[in-house]
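Asks: Sharing a model that was predicted from the sequence below.
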Amino acid sequence: MIKTRLIPCIVTRNELVVQSFGFNRYLPIGDVKTAIEFFVKWDVDEIFLIDISATSEGRAPNVELVNWAARECFVPLSVGGGIKTLSHIYDLLRAGADKVALNSIARDEKTFVGKAADIFGNQCITVSVDIKKDRGEYRVYDYTTGEMLDLDIESHLRDLQNAGAGEILLNSVDRDGSRKGYDIELLAQISAYVQIPVIAIGGVGRFEHLAEAVSKGGCQAVAAANIFQHMEHSTIAAKAQMKHAGLNVRLSSEVKYEDFSLDLLGRPF
C-alpha cells in the first residue's frame, strides 16, 4: 500500500526563505541553508525547494545551491523556479536534485513536459499548478502576471498528465498563508480529473488539516511551508497527527509516535 508522503516546502526568493500570503505578501524568515539543515534532521519524506522569484526576474535555477543542498539531504529533493530549458533540468539533476517542479513553462508550453519526461523519465517531472477562485469558479492563475488564464482546468490537467507529468503539485492561491486548511473542494475536484498523484499545498494552519487532504481531498501526498518554519520537531508532530488520523505514513524508527497525545488545538505533545 502506498504511504502518504509529508513534504515540507521551502519557499525562497533567491536564497532568502519567506512565508507567503496570498501570493502577494512575503515575510522574510531566514537563510535557505539553515532551513534545509533543519528539515533533514526530522521525519520528512521529501523536500521541495521552490524559488518563486527566479522566473519573474529572468534567473536560471541556482545550481550551486542545489549542489550544496543535495549533499546535505538524505531524502528526495525536488527543485523548482526558473526552469525554462531541458539543460536546466539536466543541470539540476546532475547537481543532485531527484525531481524538478515545472510551473510557467509547463503551462505555456505543454510539449516541454513531454520532451522532459521522454528524456529524464516522468518520475522526475512534477508540474506545479496554481489555482484561484474567480466569481465562484476555479481558474488557473499565472503568478508572474497576477492574471487568471482562460484555460479549462480539467482539460489542462489531463493534458499535463498525458504529456508525461509524474505528479501534480496543486497550490490554492486563496488559501496560501490563510491557516484555514486546504481547499478540500478543489483537491477533490482535481484528484478526480487525473490518475497521477496529487500533492496538496496551501492553507495548513493545524496539523489535522494534513490528513483531511488525503481522507477528504483524495490526495496522495501533503505539503506545507509556513506551519513548519517556527516549530521545533514540527514535522515529527505532523507525522504523529497523521498516524493518529489513520493515514498510512512512513515513520522514523527512532521516534515513539505512540507517545504523542493531542491537545485541544490538535497539536501533538
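Replies: Sure, I can see it.
Asks: all strands for the stretch 1-150 of the chain, in order.
Replies: 5-13, 16-21, 25-31, 47-51, 77-80, 99-102, 125-134, 137-142, 147-149 (DSSP state E, counting those that start in this stretch).
Asks: closest one to residue 200 among those?
Replies: Nearest to residue 200 among the strands of the stretch 1-150 of the chain is strand 5-13; the distance by Cβ to Cβ comes to 9.6 Å. (Each C-beta comes from the backbone N, C-alpha and C, glycine too.)
Asks: distance of residue 65 from residue 77?
Replies: 11 Å (Cβ to Cβ, to the nearest Å).
Asks: higher neighbour count, these two?
Replies: Neighbour totals were compared for residue 65 and residue 77, and residue 77 leads with 22 against 19 (other Cβ atoms under 10 Å).
Asks: Report the beta-bridge partner residues of that one.
Replies: residue 47 (DSSP bridges).
Asks: check contacts around it.
Replies: By Cβ atoms under 8 Å, 6 or more residues apart in numbering, the residues touching residue 77 are 46-47, 49, 66, 69-70, 96-99.
Asks: which one among the residues you listed gets closest to residue 227?
Replies: residue 47 (14.9 Å).
Asks: For this protein, just list every one of the helices.
Replies: Assigned by DSSP state H, the chain shows helices spanning 32-39, 63-72, 86-95, 104-108, 110-120, 153-163, 184-193, 208-215, 234-244.
Asks: Where among the ones you listed is average confidence lowest?
Replies: The weakest mean pLDDT among the helices of the chain belongs to helix 234-244, with a mean of 70.
Asks: hang on, the earlier thing: let's have the helices of the chain in JSON lines, adding distance to residue 226.
Replies: Shown next, in JSON lines, are the helices of the chain (distance: least, Cβ to Cβ, whole Å):
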{"stretch": "helix 32-39", "distance to residue 226": "12"}
{"stretch": "helix 63-72", "distance to residue 226": "20"}
{"stretch": "helix 86-95", "distance to residue 226": "25"}
{"stretch": "helix 104-108", "distance to residue 226": "23"}
{"stretch": "helix 110-120", "distance to residue 226": "29"}
{"stretch": "helix 153-163", "distance to residue 226": "25"}
{"stretch": "helix 184-193", "distance to residue 226": "18"}
{"stretch": "helix 208-215", "distance to residue 226": "12"}
{"stretch": "helix 234-244", "distance to residue 226": "11"}
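Asks: closest to residue 130 out of those?
Replies: Across the helices of the chain, closest to residue 130 is helix 104-108 (Cβ to Cβ), at 8.8 Å.
Asks: Next one, pLDDT for residue 232 please.
Replies: pLDDT, residue 232: 48.
Asks: again with residue 43
Replies: 70.
Asks: Likewise for residue 10?
Replies: pLDDT, residue 10: 91.
Asks: What number of residues are in the vicinity of it?
Replies: Residues within reach of residue 10, counting by other Cβ under 10 Å, total 21.
Asks: per-residue confidence for the residue nearest to residue 168 when sequence neighbours are not counted?
Replies: Take residue 168 and drop its neighbours on the chain: the residue closest to it by Cβ to Cβ, 6 or more residues apart in numbering is residue 198, 5.0 Å away. According to the prediction, residue 198 has pLDDT 97.
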